[in-house]
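Peer 1: I would like the atomic coordinates for the input below:
(one chain, ligands or ions: 1)
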Amino acid sequence: MFKKILIANRSEIAVRVIRACKELGIRTVAVYSDIDKESMHVKMADESVCIGPASPEQSYLNLPAILTAAELTDAVAIHPGYGFLSENTQFAEACATSGIVFIGPTPENMRLGGDKAKARQIMKKKGVPVVPGSDGPVESVSAAAKVARKIGYPVMLKASMGGGGRGMKIVNAEGELEEAFLIAQREALTSFGSSELYLEKYIHGIRHIEVQILADSKGEVAHLGERECSIQRRHQKIIEESPAVIPERLRKKVGDYAVKAAKAIRYKNIGTVEFILSPEDEIYFMEFNTRIQVEHPITEAVMGVDLVKEQILVSAGHPLRFKRIYKPRGAAIECRINAEDPEKFIPSPGKIELFTLPGGPGIRVDTAAYAGWNVPPQYDSLIAKLIAHGADRQEAITRMRRALDEFQIEGIKTTIPFHKRVLADKNFLEGKIDTGFIERLNAAEPALK
Ligand code: MV4
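Peer 2: Residues are numbered from 1 along each chain as shown. Take a look at the predicted model:
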C-alpha cells in the first residue's frame, strides 16, 4: 500500500481524501495557498506545503509547485480530488514521469474523457447508444447542414473539448446554422483551445442520469448504480439523488451500458458515465467524467461503500473487492450548500459567525467549514454537502428537510433556503423532475422574500 499520499486539492474533498487515507494507514500531505493556511485540510494532514498565492492558477493549478511538494515530502502518490487538476491529462503524465502514482484513470482514459466527439464516435461503434448526429466532428457548415438535414431540426452544436454543458448551441432551423456554427467555433477556440465541433439532435425535456463505475487495473468493471442529477441550474448541479426514479427495466439498461462503455475504452479506476434520458425513455451516452465526483457520497450511502478508499486500493493494484455484493439499500439525497445568495445565486464569501451542524439518523455532512473561518472569494462557493439516507426516497427527503432545519449558518448567505423550497415542491416530491425543473420552479413561485 502507498506510504504517503499528497492531496492536490482543498476544502471538503481534501478532508474527504485525508479521512480515507487515515483509515488505510496512509500518511497525508496537504497543499495550500496563502489564504488557506488556516484550512481544515491543512490541520488534518500529517504534513503540509504552501504552493503559492491565492489565485488558483498560482496554487492549486500550479503543476510544477505541486510536483515539487510531492518530491520534497516523498509522497508516492497524488490524489487530485475533483476540479483543479483532476482531469488534466498533462498533470497525470507529469506524475508518471516523476514516478508518482496519479490516483485516477489512465492518461488515455482522461484524454478520451476530454474529447467528447471522439468518445461519442467510439461508443457508437461499440454499440452504446448515442443521440443521432454526426459521426465524430463536423468540419464545415455544409457538413453540419448535411447531417442536420438527415436527422432533422432542432440540432445542437457542441464543442468537442467542451462538456458539462459548456460550449453548446441549439439550432432551430437551417437558416440559423451558419451563424451559429461560426459563433460556436470561435467560442470553442477561446474557451477550450480547439474550434472542433460535433452535432447532435437536440432533445427537449431530458433527465441527467449518471452511473458510478469502479474498475481495477486488471480491467474488471463494476457499476455502483445510478444518480439522478437533473436538479441543476445553468449546468451547476444543486441536488442529486440515488437511485434515480426510473423503472427497473431502464435501471438495468443504463447500468449495462455504463459497464459496456467502460470496458470498450479499457477504463481504469473510478469514473462516471453520463447519460441523458429522453421523455420517451430513450437512454443516450453523453460523456465520461474521469474523476471522483462531488456527489459520490449518495452512492456511498446507498451502496455501503467508501468510494475513495476503493479508489486508492485499485490505484495500488488491488483487485475489485465485493464485486458481487454491491447491493443498493434505500435512497439518498445530497444538497449542495453554497455560500451564495439563495435567490440570485451570486457568491456570498465572508466570515462564518455561526456553524451548527445537523446530525442524527441517516445524516452526513461533508465540509471543511467552521465558525470563525473566512469563506474566500477565490474558489468554488461549495462549503458543505448535506447527505440524507433513508429506507426509501420518502424517508430520505423527510430527513433532509429535518436536517436543513437543524443546519444553522450565520455571517454569510447560503443556498439552504432554496433547498427547503425545492424539497417542499409537489413535483419534486412526486419525482417529476427534469433539467428544466428549477426554471419552472422560479417562474411559478418567484423566490420568497
Ligand atoms: C444535450 C441536451 C439535449 N440534447 N444534448 C448538458 C451537459 C452535457 N453533458 C450534456 N448536456 C445536454 N446535452 C442533446 N443532444 C441537453 C443537455 C443538458 C442541458 C441542456 C440545456 C439546459 C440544461 C441542461 C442540463 C443538462 C443537460
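Peer 1: what residues does the stretch 201-350 of the chain put near the ligand?
Peer 2: 201, 202, 203, 206, 208, 232, 235, 274, 276, 286, 287 (C-beta under 6 Å from any ligand atom). C-beta: built from backbone N, CA, C; applies to glycine.
Peer 1: likewise the stretch 1-150 of the chain?
Peer 2: residue 131.
Peer 1: sorry, back to before: from the residues of the stretch 201-350 of the chain next to the ligand, which has minimum pLDDT?
Peer 2: On pLDDT alone, residue 235 ranks lowest of these, at 93.
Peer 1: number of nearby residues for the closest residue in space to that residue that isn't next to it in sequence?
Peer 2: Distances taken as C-beta to C-beta, 6 or more residues apart in numbering place residue 165 nearest to residue 235, at 3.1 Å, with adjacent residues excluded. Residue 165 has 13 neighbouring residues, counting by other C-beta atoms under 10 Å.
Peer 1: residue 165 and residue 401, how far apart?
Peer 2: 28 Å (C-beta to C-beta, to the nearest Å).
Peer 1: then residue 133?
Peer 2: Residue 133 is 41 Å from residue 401, by C-beta to C-beta.
Peer 1: of the two, which one has the most company?
Peer 2: residue 133 (25 against 14).
Peer 1: spatially nearest residue to that one (excluding sequence neighbours)?
Peer 2: Closest to residue 133 by C-beta to C-beta, 6+ apart is residue 200, at 3.6 Å.
Peer 1: name the helix or strand for the one you found, please.
Peer 2: Here residue 200 sits within strand 197-201, counting by DSSP states H and E.
Peer 1: how about residue 203?
Peer 2: With DSSP H and E as the criterion, residue 203 is inside neither a helix nor a strand.
Peer 1: thought it was touching residue 277?
Peer 2: No: the criterion here is C-beta atoms under 8 Å, and residue 203 misses it with residue 277 at 9.4 Å.
Peer 1: now the common contact residues for these two.
Peer 2: Counting by C-beta atoms under 8 Å, 6 or more residues apart in numbering, no residue touches both residue 203 and residue 277.
Peer 1: by contact count, what packs against the lengthiest helix in the chain?
Peer 2: If you go by DSSP state H, the chain has its longest helix at helix 174-192. Packed against helix 174-192 by the contact rule (3 or more C-beta pairs under 8 Å, 6 or more residues apart in numbering; DSSP states H and E) you find helix 141-151, strand 155-163, strand 166-171, strand 197-201.
Peer 1: still on that earlier bit, farthest pair within the residues of the stretch 201-350 of the chain next to the ligand?
Peer 2: 201 and 232 (21.2 Å; C-beta to C-beta).
Peer 1: before we move on, back to that, out of the helices and strands packed on helix 174-192, which gets nearest to residue 188?
Peer 2: strand 155-163 (3.7 Å).
Peer 1: quick one: mean pLDDT over the closest one.
Peer 2: The model assigns strand 155-163 a mean pLDDT of 95.
Peer 1: partners of that strand, with directions?
Peer 2: strand 166-171 (antiparallel), strand 197-201 (antiparallel) (DSSP bridges).
Peer 1: which one of these lies nearest to residue 32?
Peer 2: Of all the strands paired with strand 155-163, strand 166-171 sits nearest to residue 32, with 28.1 Å by C-beta to C-beta.
Peer 1: which stretches of the stretch 301-449 of the chain have low pLDDT?
Peer 2: Within the stretch 301-449 of the chain, the segments meeting pLDDT under 70 span 322-325, 446-449.
Peer 1: nearest to the ligand: which residue in it?
Peer 2: residue 435 (3.6 Å; C-beta to the nearest ligand atom).
Peer 1: tell me the contacts of the closest residue to that residue other than its chain neighbours?
Peer 2: Nearest residue to residue 435 in three dimensions, chain neighbours excluded: residue 230, at 5.1 Å (C-beta to C-beta, 6+ apart). Residues in contact with residue 230 (C-beta under 8 Å, 6+ apart) are 206, 207, 208, 433, 434, 435, 437.
Peer 1: my guess is residue 317 meets residue 101, correct?
Peer 2: No: here residue 317 does not reach residue 101: they are 9.5 Å apart, not a contact under C-beta under 8 Å.
Peer 1: higher neighbour count, the two?
Peer 2: Higher neighbour count among residue 317 and residue 101: residue 101, with 19 against 11, using other C-beta under 10 Å.
Peer 1: beta partners for that one?
Peer 2: Under the criterion used (DSSP bridges), residue 101 bridges to residue 77.
Peer 1: show the pLDDT at it.
Peer 2: Model confidence at residue 101 (pLDDT) stands at 98.
Peer 1: looking at it, it is touching residue 75, isn't it?
Peer 2: No: if you go by C-beta under 8 Å, residue 101 and residue 75 don't touch, sitting 9.5 Å apart.
Peer 1: phi first, then psi, for the residue in the stretch 251-400 of the chain positioned nearest to the ligand.
Peer 2: Nearest to the ligand, among the residues of the stretch 251-400 of the chain, is residue 286, at 4.6 Å (C-beta to the nearest ligand atom). Dihedral pair for residue 286: phi -120, psi -60, per degrees, to the nearest 10.
Peer 1: quick one: contacts for it?
Peer 2: 274, 275, 276.
Peer 1: could you do residue 48 as well?
Peer 2: Residue 48 touches 29, 30, 31, 32, 42, counting by C-beta under 8 Å, 6+ apart.
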